[in-house]
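# Provided below are the primary sequence and the corresponding predicted coordinates.
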Amino acid sequence: MEALKTFAFHLTYNDAEAEDLVQETYLKAHKFIDRYVSGTNAKAWLFKILKNAYINEYRKKSKAPKKIDFEDIVSWQDSDDPKKQGFADLRQELFKDRMGDEVTVALNMLPIDFRTVILLCDIEGFTYEEISKIIDVPIGTVRSRLFRARNILKELLKSYAEKLGFKDYRGLKHKNEIFSEEEE
C-alpha cells in the first residue's frame, strides 16, 4: 500500500526506515488480525498501527543514548567527500519527486502533530472521524490542528503561490472588485 509508505516517509524522512515501519505495520496487523473489527475501515486501522509503531520506535530511540566515536566525526569533517556537501539536503532530495520542493519544505516545517493531520486528511483523504481514531484525539482537536496547519502552510506558501500567478482575493467583498482588479 503506497499510502502507508508515503505516510511513513513523512514521519521518518528516510526511505529505509519508512519501509521498515510499513513492514512492521503489516507484521503487527497479521499478528493481531483477531483485534480487527470486521466492517470498520481497514485502512484507518493500518494507519493507526503504523502511527503507534512509529511512536514506539521514537520513544525507544530517544531513551537510548547514541554512541558515536569521536574519531569518526573528526575524520568525516576533515574529509573532502562530495557526499558530505549534499548531506544536509538529503531529506529534500528523497522527497523531491513526490511533491514540489516548496510544498515539501513547507510541510516539513510543520510540527509533527500538524503535519500528521494534514497528510492524513489532505493527502490520504481520511475523514475527521477516521483521523481522530488513528491518532487517538478528539475530532475537535483534529479540526483545530487542521485549521492551524493550513494557516501556517498558507503563510509559508504565499510567495510561492504568487510566483505561480495566484492572487489573494481575501478581503474583497464583491465579484466586481475581483474583476476590476484583473483588468488593471
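Looks like it arrived, so ask away. Since this is a predicted model, take the numbers as computed values, not measurements. Numbers count the residues shown, from 1 in each chain.

# can you tell me how far residue 162 is from residue 105?
16 Å (Cβ to Cβ, to the nearest Å). For the C-beta atoms, the positions are set from N, CA and C on the backbone; glycine is no exception.

# below-threshold pLDDT in the chain: ranges please.
62-100, 170-184 (pLDDT under 70).

# ok, now with 80
Applying pLDDT under 80 to the chain flags residues 1, 58-101, 164, 166-184.

# now the helices for it?
For the chain, the helices defined by DSSP state H occupy 2-12, 15-31, 42-63, 70-78, 82-86, 90-95, 101-109, 112-118, 128-135, 139-163, 175-183.

# so for residue 169, which of those helices sits nearest?
When the helices of the chain are compared by Cβ to Cβ, helix 175-183 sits nearest residue 169, at 5.5 Å.

# out of residue 162 and residue 105, which sits in the busier spot?
More crowded of residue 162 and residue 105, by other Cβ atoms under 10 Å: residue 105, with 16 against 11.

# give me the number of neighbouring residues for residue 54.
Should you count by other Cβ under 10 Å, residue 54 turns out to have 21 residues around it.

# ah, wrong one, I meant residue 43
For residue 43, the neighbour count with other Cβ under 10 Å is 16.

# look up how far residue 30 lies from it.
Relative to residue 30, and taking Cβ to Cβ, residue 43 is found at 16 Å.

# for residue 45, what are its contacts?
Residues near residue 45 by Cβ atoms under 8 Å, 6 or more residues apart in numbering: 29, 36.

# same thing but 7 Å
Applying Cβ atoms under 7 Å, 6 or more residues apart in numbering to residue 45 gives the contacts residue 36.

# try residue 135
Contacts of residue 135 (Cβ under 7 Å, 6+ apart): 51, 116.

# what separates it from residue 115, distance-wise?
Counting by Cβ to Cβ, the gap from residue 135 to residue 115 is 11 Å.

# do residue 168 as well
From residue 168 to residue 115 the distance is 24 Å (Cβ to Cβ).

# could you check which of those two is surrounded by more residues?
residue 115 (20 against 10).

# surely that one and residue 9 touch.
No - contact status for residue 115 versus residue 9: not in contact, 11.7 Å apart, counting by Cβ atoms under 7 Å.

# so how far is residue 155 from the closest residue to residue 158 other than its chain neighbours?
Sequence neighbours aside, residue 168 is the residue nearest to residue 158 in space, at 7.4 Å (criterion: Cβ to Cβ, 6 or more residues apart in numbering). According to Cβ to Cβ, residue 168 and residue 155 sit 11 Å apart.

# and if you look at residue 117?
From residue 117 across to residue 155, the span is 17 Å (Cβ to Cβ).

# so which of these two has more stuff around it?
In this view residue 117 and residue 155 are compared by other Cβ under 10 Å, and residue 117 has more residues nearby, 27 against 10.

# count of neighbours near the nearest residue to that one once chain neighbours are set aside?
Counting by Cβ to Cβ, 6+ apart, residue 117 lies nearest to residue 145, which is 4.5 Å off, once chain neighbours are set aside. By the measure other Cβ under 10 Å, the count of residues near residue 145 is 22.
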